[in-house]
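> Got a predicted structure plus its sequence, pasted below:
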Amino acid sequence: MNSTQNKKLNQVKADTLIIGVDIGSEKHFARGFDWRGFEFTRRAFKFTNDGTGFLMFLRWTEELMKKTEMKKVIVGCEPTGCYWLTFQKFLQDHGIKLVTVNPFSVNRSKELDDNSPEKDDLKDPKTIAQLVKDGRYSTSYLPTGVYAELREASTCRDRIMKQHVRLANQIQGWLQEFFPEYLECYSEWDSLSGLLLLKEAPLPQDVLKLGAGGINQIWRDAKLRAAGIKRAQTLVEAARNSVGLEAGDAARMDIWILVNDYLLKSEQLKRLDEYLEEKID
């Protein structure tokens with residue numbers, strides 16, 4: 001047993017009420033225990049995942065502490081999705097410590113009671129409380145102020161980045177299928193000039209129909225100076241010798257949606273980066 005777990009064990013004393021809470025999207029279930037694992041509650045206490053339910057939980061906890069003459073309380077739960085965050089804030093605002101337990105540990109430990117790993121709203125609170133009693137929990141930190149802003153923006157950026165990468169892979173997959181030579185025309189496949197072309201003339205036959213002059217005009221209309229007639233001629237030559245699959249309107253619509261989504265996510269990432277930089281400063 002390491003020193004960190006020893007410190008956690010020292011926080012659970014004889015006068016500590018341990019409450020295990022099974023978190024749900026609409027309703028939570030709670031059970032109370034002492035440091036030996038003796039249960040004070042005859043049945044699980046059910047409360048809703050809203051302000052009214054949280055107040056009911058607070059009154060229930062206060063009455064249980066008074067009845068058992070406990071001096072401190074520690075609440076444990078699984079970090080289930082986003083459903084536990086408002087509960088965490090409520091407890092923090094009322095000076096009650098909330099800790100989290102690993103869902104994997106809960107699944108493994110619940111088999112000790114009845115040899116069944118099945119989830120149960122009545123069984124899970126007990127398993128959670130036992131893990132807290134044994135010091136097998138993590139302290140949950142809820143940032144405030146600018147730190148809360150940074151965490152929220154960072155979480156949002158991670159989500160957008162995953163979508164951005166997925167779109168990038170989908171676009172390159174589309175190109176490999178319908179216009180593989182395009183990838184040889186650019187060192188960076190997501191060059192703005194190339195993405196503008198894919199929106200207007202994605203298929204080889206579209207590029208040939210448009211011609212070098214038409215391609216160059218797309219770039220001029222967009223006031224893009226990084227690409228010119230030589231690059232346009234290279235793309236026309238690549239389209240003329242393309243081995244891509246034959247395709248029609250469905251493929252055009254597909255790449256149009258993918259490219260527009262990709263550009264939108266790029267703009268969102270740029271805005272998030274500017275916001276994060278401002279907050280960090």
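Perfect, I can see it now.
> from here on, contacts and neighbour counts on C-alpha atoms
Noted.
> Show me what the one helix or strand Glu63 maps to packs onto, helices and strands only.
Element membership for Glu63 (DSSP states H and E) is helix 51-68. Here helix 51-68 touches strand 45-48, going by 3 or more Cα pairs under 8 Å, 6 or more residues apart in numbering; DSSP states H and E.
> cutoff 6 Å now
Here helix 51-68 touches no other helix or strand, going by 3 or more Cα pairs under 6 Å, 6 or more residues apart in numbering; DSSP states H and E.
> low-scoring stretches of the protein, by residue?
The chain contains residues with pLDDT under 70 at 1-3, 110-121.
> Distance check, the residue nearest to the spatial centre of it against Phe104.
Among the residues of the chain, the one closest to the centroid is Arg159, at 5.9 Å (Cα atoms, centre = their mean). Between Arg159 and Phe104 the computed distance is 24 Å (Cα to Cα, to the nearest Å).
> Look up how far Leu195 lies from the residue nearest to the centre of the chain.
Arg159 is 23 Å from Leu195, by Cα to Cα.
> before we move on, what about Val165?
15 Å.
> Looking at these two, which is more packed in?
Legend: neighbour count by other Cα atoms under 10 Å for Val165 and Leu195, higher for Leu195 (20 against 13).
> which ones are touching the more buried one?
By Cα atoms under 6 Å, 6 or more residues apart in numbering, no residues touch Leu195.
> That one belongs to a strand, doesn't it?
No - Leu195 is assigned helix when assessed by DSSP: H, G, I helix; E, B strand; the rest coil, not a strand.
> ok, it to Gln172 distance?
Distance from Leu195 to Gln172, by Cα to Cα: 11 Å.
> One more: Leu197?
From Leu197 to Gln172 the distance is 14 Å (Cα to Cα).
> before we move on, what about Arg231?
Distance of Arg231 to Gln172, computed by Cα to Cα: 20 Å.
> now do Pro202
If you go by Cα to Cα, the gap between Pro202 and Gln172 works out to 12 Å.
> More neighbours: which of those two?
Pro202 (22 against 17).
> tell me which element the closest residue to that one other than its chain neighbours falls in.
Spatially, and ignoring its direct neighbours in sequence, Pro202 is nearest to Arg252 (6.4 Å; Cα to Cα, 6 or more residues apart in numbering). Element membership for Arg252 (DSSP H and E) is helix 249-280.
> ok, now Ile18?
Ile18 belongs to strand 16-22 when assigned by DSSP H and E.
> helix or strand right after that strand?
By DSSP H and E, the next helix or strand past strand 16-22 is strand 27-33.
> Output the contacting helices and strands for that next one.
Checking 3+ Cα pairs under 6 Å, 6+ apart, strand 27-33 ends up next to strand 16-22, strand 45-48.
> Residues contacting that strand, please?
Residues contacting strand 27-33 (Cα under 6 Å, 6+ apart): 18-22, 39-41, 44-49, 125.
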